[in-house]
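**Q** Pasting the sequence and the predicted model now:
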Amino acid sequence: MNPTSSLLAGSGTTEKRRISVAQVLVYELRVRDAMTKEPVTAGPTDTMRTIQHLMKTHRFSGVPITQNGCLLGIVTIEDIINALDKGHINEPTERWMARDPVTLRDHYSLVRAVAEFDRYGFGRFPVVDGSDKLVGIITRGDITDCLVHHLERRAEEAVAHEAVLMAERAADEKARRVVVRTQIKSGDFDSAGKVSQRMRQVLRERGIDPDVRRRAAIIAYEAETNIIIHTIGGQITATILPDKVVIDAIDEGPGIENVDLALREGWSTAGPLARELGFGAGMGLPNIKRCSDVFEIKSEMGRGTHLHAEVMLEKARMVA
Ligand SMILES: Nc1ncnc2c1ncn2[C@@H]1O[C@H](COP(=O)(O)OP(=O)(O)OP(=O)(O)O)[C@@H](O)[C@H]1O
Ligand SMILES: [Mg+2]
């Protein structure tokens, strides 16, 4: 018979997993891990009455009899009942104890201990060390308690280990730099918002503050629509770093004639089509500037415009 199945039988899947861990444990754990150390003992000249009192106070069902640390015998509850029955309760234990009881060695594996319990049908075994000194006493209950205790500890360790792995994975993820880049075609109103959407997804996955996410999204979206409406084409790159999002919008022209003017609220050169589609309020660049922690714009007529904006991830702030 498989010793652990008699100890921890169960039918559910978790139970099955526990048993496989328990099966390993019964081989790894020793009798000394499960036994009660320094058990209460009595001497050969103590009376059976003394043992009866010991059993009553401590609720033991067996007391080893020793001399100078060496095991001589054991007195069990049955012996006490007999002594009471037959009238020798006041006689010394050496007359009535079971001599040379079967013992277990402290270094035996629990699997061997369980086999010995099955073989002899005893309720307990005295445990001796290499020099035959009594070092403990063990019952089936001690074995079960010890296994349950170690299983719980293993389970807790597994949970803690998993948490560490998850934290490491999250840290790796955070440290990774993600680059989202899209080519923007002039007049391609339908594609507006592409970079901004993908960037927001990465930021959301990283658990970035919603205010920071919104600001980065506004910058990317406004820069994208400006390239669609006001240029012959360009590209937007959003680089997500551990501490900030960097957005670069670079186009191929025509360039901004007067950057100061372009940055003024309400200033717009948008044509009728763009206005019909809801653009042209002259609020794009001022909004980008407001949402950025770092904002630079360089433009050269005939060559193009480079807008550079950074949003710091750590400090959230309110947009006015
Ligand atoms: N990349 C660019 N290339 C050339 N001109 C630009 C560029 N970005 C902005 N501009 C000029 O600056 C003006 C102001 O831009 P801003 O984004 O603030 O407003 P808008 O695009 O006109 O309107 P809104 O953004 O409110 O829809 C634009 O009308 C345009 O003349
Ligand atoms: Mg605009």
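**A** Looks like it came in fine. Ligands and ions are numbered 1, 2, ... in the order given.
**Q** Buried ones in the lengthiest helix in the chain, by neighbour count?
**A** Determined from DSSP state H, the single longest helix within the chain is helix 140-175. Residues 140, 142, 143, 144, 146, 147, 150, 151 are the ones in helix 140-175 that count as buried (16 or more other Cβ atoms under 10 Å). (Each C-beta comes from the backbone N, C-alpha and C, glycine too.)
**Q** immediately after it, which helix or strand?
**A** Next along the chain after helix 140-175, taking DSSP states H and E as the criterion, comes strand 178-185.
**Q** okay, the angle between the helix or strand following that following strand and strand 178-185?
**A** Sequence order places helix 194-205 as the next helix or strand after strand 178-185, per DSSP H and E. Interaxial angle, helix 194-205 versus strand 178-185 (axes from the mean of the first three to the mean of the last three Cα atoms, to 10 degrees): 160 degrees.
**Q** Smallest distance to ligand 1 belongs to which residue of this protein?
**A** Here the residue of the chain nearest ligand 1 is residue 284; by Cβ to the nearest ligand atom that distance is 2.2 Å.
**Q** quick one on the thing from earlier: helices or strands up against the longest helix of the chain?
**A** Identification of packing neighbours for helix 140-175 by 3 or more Cβ pairs under 8 Å, 6 or more residues apart in numbering; DSSP states H and E yields helix 3-7, helix 13-28, helix 31-34, helix 110-120.
**Q** Next up, the contacts around residue 227.
**A** The contact partners of residue 227, by Cβ atoms under 8 Å, 6 or more residues apart in numbering, come to 184, 186, 233, 234, 236, 249, 251.
**Q** Which single one of those is nearest to residue 203?
**A** Proximity of the contacts of residue 227 to residue 203 (Cβ to Cβ) peaks at residue 236, which lies at 15.3 Å.
**Q** From residue 188, how far off is the nearest residue to that closest one once chain neighbours are set aside?
**A** Using Cβ to Cβ, 6 or more residues apart in numbering and skipping the chain neighbours, the partner closest in space to residue 236 is residue 195 (4.6 Å). Using Cβ to Cβ, to the nearest Å, we find residue 195 at a distance of 13 Å from residue 188.
**Q** what's the answer for residue 238, then?
**A** Distance of residue 238 to residue 188, given as Cβ to Cβ: 18 Å.
**Q** Check residue 130 too.
**A** For residue 130, the distance to residue 188 equals 86 Å [Cβ to Cβ].
**Q** Tell me which of these two has more neighbours.
**A** residue 188 (14 against 9; other Cβ atoms under 10 Å).
**Q** Might one say that the more buried one is in contact with residue 231?
**A** No. Judged on Cβ atoms under 8 Å, residue 188 makes no contact with residue 231 at a distance of 11.3 Å.
**Q** Would you mark the buried spots in stretch 308-317?
**A** Of the residues in stretch 308-317, those buried (16+ other Cβ under 10 Å) are 308, 309, 310, 311, 313.
**Q** just those now: which is nearest residue 245?
**A** Proximity to residue 245 was ranked across the buried residues of stretch 308-317 by Cβ to Cβ; first place goes to residue 311, at 4.8 Å.
**Q** Just list whatever residues bridge to that closest one.
**A** residue 245 (DSSP bridges).
**Q** repeat for residue 128
**A** residue 105, residue 134.
**Q** What of residue 36?
**A** Here residue 36, judged by DSSP bridges, has bridge partners residue 137.
**Q** and it, what does it touch?
**A** Contacts of residue 36 by Cβ under 8 Å, 6+ apart are 136, 137, 138, 142.
**Q** Local confidence estimate at residue 21?
**A** If you check residue 21, the pLDDT there is 69.
**Q** how close does residue 57 get to residue 312?
**A** 70 Å.
**Q** brain fart, residue 118
**A** Distance of residue 118 to residue 312, given as Cβ to Cβ: 68 Å.
**Q** Farthest from the middle of this protein: give me that residue.
**A** Farthest-out residue of the chain from its mean C-alpha position, per Cα atoms, centre = their mean: residue 87, at 63.0 Å.
**Q** Next one: that residue, what pLDDT does it get?
**A** Taking residue 87 on its own, its pLDDT is 95.
**Q** quick one: low-confidence ranges for the protein?
**A** Scanning the chain for pLDDT under 70 picks out 1-22, 173-174, 315-320.
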